[in-house]
Every structure is written in C-alpha cells, then in structure tokens.
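Visitor: give me a 3D structure for the following:
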Amino acid sequence: MKKTQSGTKAFLLTIVLILNFTSFCFAKNSNFKTDSVKSKSISFKIKLKSADKATIKPSALKFNKHLAYSFTVDDGYRSAYLTAFPLFNGGKISEPMINEWKNDQGGDGTKSKGLFYSDGFGNKIPFKLGLAINGSTIGDFSAFRGHLSWAEVKEMYDAGWDVLNHSFHHATKHGTNFLTEVTENTTSIKQNLGFTMSHFVVPGGESDPGYQLEYERDAMANGSFSVASYVGSGPVINVQEKVNLEKMIYARTFVQSSKDTIGFKTMDRFLKTFDSIAKSPNPVWYNEFTHGVGNGNLWNLSMRFPDFKYYMTAIAAKYGSKGNDSIWMAPWQEVYEYIWLRDRIKINYIQNNKEGIVTIELPEIPETFRYRAISLAIDTPAKFEIESSSPDFKVSSDGKTNHTLITIQLK
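Guide: Numbers count the residues shown, from 1 in each chain. The predicted structure is shown next:
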C-alpha cells in the first residue's frame, strides 16, 4: 500500500513538473502566441462548376480596377458641399451663392443624376473626394460662410468622403509651431466628428524655405501614415507590385481653371493627361488636387464649377459605370489602406476536384484605419459559388457571371 501511495505521489509530481515546464515554454513564447492571435486567418469555400484548376491572388486595386483616382479639395471650402457632393451623389446642385468673401461658391442650380463606377457586381458607387480641412475654420458662422460646417463635413464623411489633416490654422509663416498645428487639428476633428485622421496635407502659402519638411516630420511622428507635399512619390504610382508605403511623402498635382472662361480648352488639356495615364499597361494610382469648386475661381487656385463639372462628367462617361468601368474613384486614404492590406495578406488556396478552400492570413490592422476590404482576382473558366457562414467578414463575387472577382469586407 505504501508503495502505491509513493508511486502515486511520484506520478503526480511528474505531472506538475510537466505542467510547469509547459507553462514556462508558453510564457517564453508568449509574443509568438500574441502575434498569432493578432494576425488571424479567415477562410471560405468555393464550389466550382468544373474541376479545372483555379488560381487566386490579390487584385492590384479594389474591385479589380485598372485606375485608382484620388481627388482632394483643400481648405474645407463650402463649394465642396454645395456643388461637388450633389454632382457626385445625385441631387440638386446649389444655385449661385455669394459668400462672405464676395466669391461665388455655388453652382448651376441643376439636378444631377450622379457620377458612378461599379463594384463589379452590378452595384453603382458614387464618385468620392477627400477633404483636407483646418478645424479652426469649420463652423456655423453665417448663412454665407466660405467654409464648411461640422454638419456638412459629417454628412460627406458618412457618405464615404475622407477627411485629411490640413493643420489647424493653415499656418505656414515664420514662427509657426508645426507640431501644434498637426496635433490641434487632430484633436479638433476627434472632438467634433469622433474619429482620428491618419493622413496629412501640407498647407501652402507665404512661408520660409523648407517649412514643408517640418510639417512632414511632425505629421509622421504623430500618427500620419502619409503626407501630401511638394516633392515625393507620384502623382502616378504603379501598383502592379508591392508599393512602399512606409512614411510615404507624395507630390500633389493641382488642377485649376485658367483666366480664359471661354470653352473648356484648359480642362481638355488635363483630360488628355488623364487619358494617357488611364492607358498605362499596369494598374496605377493617380491623385489630383484643387481648392474651391464653385462658380468663382477662388484665390485663382481653384476650378470653376462649370470646369469641374465638365472634367468629372467626362471622366465618368469614359471610365465610370457608363463607360469601360475601369476607374476606382476613391479618396487617398481609402486607396492607401487597400494597398497596405493587399501587400500584407497571405493567401493559401487548396482545390480538390470541384471544391476549393481559400484561407487568408490577415495582419494586425491599425486602429485608425477606416477601410478593411480586399479584392481577389480569380482565374477560372468555370462559374462558381461561395460558401461562408462566418460573422467576421462578408464575401461577394461574380461567380455566376464573369467569374473573375471576389471581394471580402472584413467586419
């Protein structure tokens, strides 16, 4: 009996030592375990109509588009809401509106049917812009104010427009505290709109040489993933292969009306450039900027609304849903976040006869990211269906029509 008790104690001691050793090993490798949780995987099933081998890879651009086009309006002028927003989404464009600066920020008073591209599944998506704003100028100051109100910014943001940090006061002169300009604007938008901006646009104006370098440095050090400045990447970025997004500084191209108000010769020149970029053999990302988009050429650094309407309508007609549907008209932040995710996922596809399993390993996505979607290009001669019951993501595909595209929206 004593031997049995002694043996039992020895056995129990052995179990305790094993458990302690296992706990030690787990603790020692806790970083690996944590990382594994953060970089979780998702999977779904594909049922094909034939056993021909399919291949799957990330699409260069969302919805498998050929051209990502990002357009930003600087300084938060009200014309963005009065004219561009209804032009893109459909609705009544503002009548002429003389603002506090005696400048016309209105439009032509017509009704727009909207400008759209498609998601590849028959759904139309309105064109969207980015808004580079200064928090100190936003408010309901008067009916004839030149800048947007918080309610107008929120409405456009909720419709998918992105808001970019443009400094709090638009300060550029000697003595500017660049760090404060960056952080105060971040705080202002967070307090009034409830989100944290993650991209910065250097304000222009009277300044000391090299001031933009200080803005670039302070913006990057305080949460910005990229900065629009004077010299840098682009304005055309090849996205066929992996894109270096680390601390990206990109160059702005301004589109503005000329002094000649007869015809659209200036816009036709810009459109000629646009057409040449759209014909690039590889998928590309192109970005342009302007200031106001009302009837008046605000500060002579803007697009008059007739020019803006002509320009965007021509692009939509040729490359939007009514044209060849090759454009993804989305703000800078949306495109940036897509490419960031695209370049960090790992895809594993295993096919057995007419059934395949897609497993995607996801990276840890920054909290300030607004978009969590990825498109996959599938090469198969067969129609297919997707099977998934996961609450963590939604899958859409054109498996019953073109059988070339799968888009995953993470929740």
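Visitor: for stretch 182-192, what is the average pLDDT?
Guide: Mean pLDDT, stretch 182-192: 98.
Visitor: I would like the residues contacting stretch 385-394, please.
Guide: The contact list for stretch 385-394 (C-beta atoms under 8 Å, 6 or more residues apart in numbering) reads 42-47, 395, 397, 399-400, 406, 408-411. No exception for glycine: its C-beta is placed from N, CA and C like everyone else's.
Visitor: and if you look at stretch 241-254?
Guide: Contacts for stretch 241-254 (C-beta under 8 Å, 6+ apart): 72, 201, 216, 220, 225-235, 237, 287-290, 301, 336, 339-340, 343.
Visitor: mind listing what's buried along that stretch?
Guide: Within stretch 241-254, the residues scored as buried using 16 or more other C-beta atoms under 10 Å are 243, 248-250, 252.
Visitor: of all the residues you listed, which comes closest to residue 98?
Guide: residue 252 (28.8 Å; C-beta to C-beta).
Visitor: related to what we said a few turns ago, out of the buried residues of stretch 241-254, which sit inside strands?
Guide: Residues of the buried residues of stretch 241-254 located in strands (DSSP state E): 248-250.
Visitor: would TSV of these with distance to residue 165 and pLDDT be doable?
Guide: Formatted as TSV, those follow (distance: C-beta to C-beta, whole Å; pLDDT from 0 to 100):
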residue	distance to residue 165	pLDDT
248	15	97
249	14	97
250	15	95
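Visitor: of those residues, just say which sits nearest to residue 102.
Guide: Out of these, the member with the shortest distance to residue 102 (by C-beta to C-beta) is residue 250, at 34.5 Å.
Visitor: CA atoms of the helix or strand hosting residue 338 as CSV?
Guide: Using DSSP states H and E, the element containing residue 338 is helix 332-342. Provided in CSV are the C-alpha atoms of helix 332-342 (Å, rounded to 0.1, in the frame of the first residue of the first chain):
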residue,chain,number,x,y,z
TRP,A,332,-6.4,58.9,-50.9
GLN,A,333,-6.9,57.3,-47.5
GLU,A,334,-9.2,54.6,-49.0
VAL,A,335,-6.7,53.6,-51.7
TYR,A,336,-3.8,53.7,-49.3
GLU,A,337,-5.4,51.4,-46.8
TYR,A,338,-6.4,48.9,-49.5
ILE,A,339,-2.9,48.7,-50.8
TRP,A,340,-1.5,48.4,-47.3
LEU,A,341,-3.7,45.4,-46.6
ARG,A,342,-3.2,43.9,-50.0
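Visitor: now do the same contact list for residue 108.
Guide: Going by C-beta under 8 Å, 6+ apart, residue 108 touches 93, 295, 305-306, 309.
Visitor: against residue 97, how distant is it?
Guide: Between residue 108 and residue 97 the computed distance is 12 Å (C-beta to C-beta, to the nearest Å).
Visitor: the contacts of stretch 241-254 in strands, which ones?
Guide: With strands taken from DSSP E, the overlap with the contacts of stretch 241-254 comprises 72, 201, 226-229, 237, 287-290.
Visitor: please name the nearest non-neighbouring residue to residue 79.
Guide: Spatially, and ignoring its direct neighbours in sequence, residue 79 is nearest to residue 294 (3.5 Å; C-beta to C-beta, 6 or more residues apart in numbering).
Visitor: the one you found sits in which helix or strand?
Guide: Going by DSSP H and E, residue 294 is not part of any helix or strand.
Visitor: quick revisit: in the helix holding residue 338, what counts as buried?
Guide: Across helix 332-342, burial judged by 16+ other C-beta under 10 Å covers 332-342.
Visitor: what's the answer for stretch 188-205, then?
Guide: 188-189, 193, 197-204.
Visitor: quick one: end-to-end distance for that stretch.
Guide: Using C-alpha to C-alpha, to the nearest Å, the end-to-end distance of stretch 188-205 comes to 22 Å.
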